[in-house]
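J.: the sequence and its predicted three-dimensional model are supplied below.
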Amino acid sequence: MPEIDLYKMLNRFDPAQIPSIVYGNKSIEDNSPNDYPYTDTAAWELPSKIFSKTRYRNTAFVNQEESDTFIIDLPENQDAITQATLLKSEEDQVQELIFRIKWSRSIFYQESLANKLFTLFYDAKEEDPDCLGIAAESLRNFYNFLQLHPNIKCPTISLTPDYDIYASWRGEQNRVFSIHFLPDGDARFVIFKPNDRHPTRKIRISGVATTDILMETVTPYCVEGWISE
């Protein structure tokens, strides 16, 4: 492969233009005069009319099939999805899901539930503007659960420290059924029910199941009978 005379190539450009910096890499052989030695930290000045002022990494001159080619990498952060963009995207998903609940025909307490969710969301954002407000996939998991079981009473809802949805139903004799809706489609549940043999004591059952089979999983504990209309 013939060697490239870098000075000859630089003379192609108009020296009157304001220069910007374009970095080379170690694979380029140093054929420059002694007045302008090439080192690991050196750089060639090229007219900004030809190239933008953006600094490019790992650039190189190569000779391919007797034609000179200038190879550059795009800037590292070009079209990068920033953390703020991801956060905004998740916030949009949350609000869309809340509106789905608000307009749902299968959830008969849809408006009051949607209002409560909006309150939780805005309260969390007010406390920490950089937080999720509500974890979108946890809310989606909760929404899917309500779609599967439209006869369930409106739960008391709150947020976990990770901004997941935590729903709870209370019944007579201090019965409690609570669900933590995880973002991955699972649900952690806990049941408190009376102990018939020891009236002053309670029975506690807990576990994890995917949301679609959760109510089947807790069927032996007769939960659906007192959390449904």
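T.: Great, that's in hand.

J.: from Val218, how far off is Ile203?
T.: Distance from Ile203 to Val218, counting by Cβ to Cβ, to the nearest Å: 13 Å. Bear in mind the C-beta positions are built from the backbone N, C-alpha and C, glycine included.

J.: neighbour count: these two, which is higher?
T.: Val218 (19 against 13; other Cβ atoms under 10 Å).

J.: tell me the domain boundaries of the chain?
T.: Domain ranges of the chain: 6-71, 83-227, per automatic domain parsing.

J.: would you single out the least confident of these?
T.: For the domains of the chain, the weakest mean pLDDT is recorded on domain 6-71, namely a mean of 44.

J.: need the contact partners of the helix ranked longest in the chain.
T.: Counting by DSSP state H, the longest helix found in the chain is helix 83-103. Applying Cβ atoms under 8 Å, 6 or more residues apart in numbering, the external contacts of helix 83-103 come out as 107, 110-111, 113-114, 117-118, 121, 130, 132-136, 139-140, 143, 146.

J.: drop the exposed ones from these and show what's left.
T.: Among the contacts of helix 83-103, those classed as buried by 16 or more other Cβ atoms under 10 Å are 107, 110, 113-114, 117-118, 121, 132-136, 139-140, 143, 146.

J.: and the strands in this structure?
T.: 19-23, 43-47, 60-64, 67-71, 156-159, 165-170, 176-181, 186-194, 202-210 (DSSP state E).

J.: so how far is Gln173 from the closest residue in space to Phe121 that isn't next to it in sequence?
T.: Computed as Cβ to Cβ, 6 or more residues apart in numbering, the closest residue to Phe121 that is not its neighbour in sequence is Gly133, at 4.4 Å. Plainly put, Gly133 is 36 Å away from Gln173 if you go by Cβ to Cβ.

J.: ok, now Leu139?
T.: Relative to Gln173, Leu139 is positioned 31 Å away (Cβ to Cβ).
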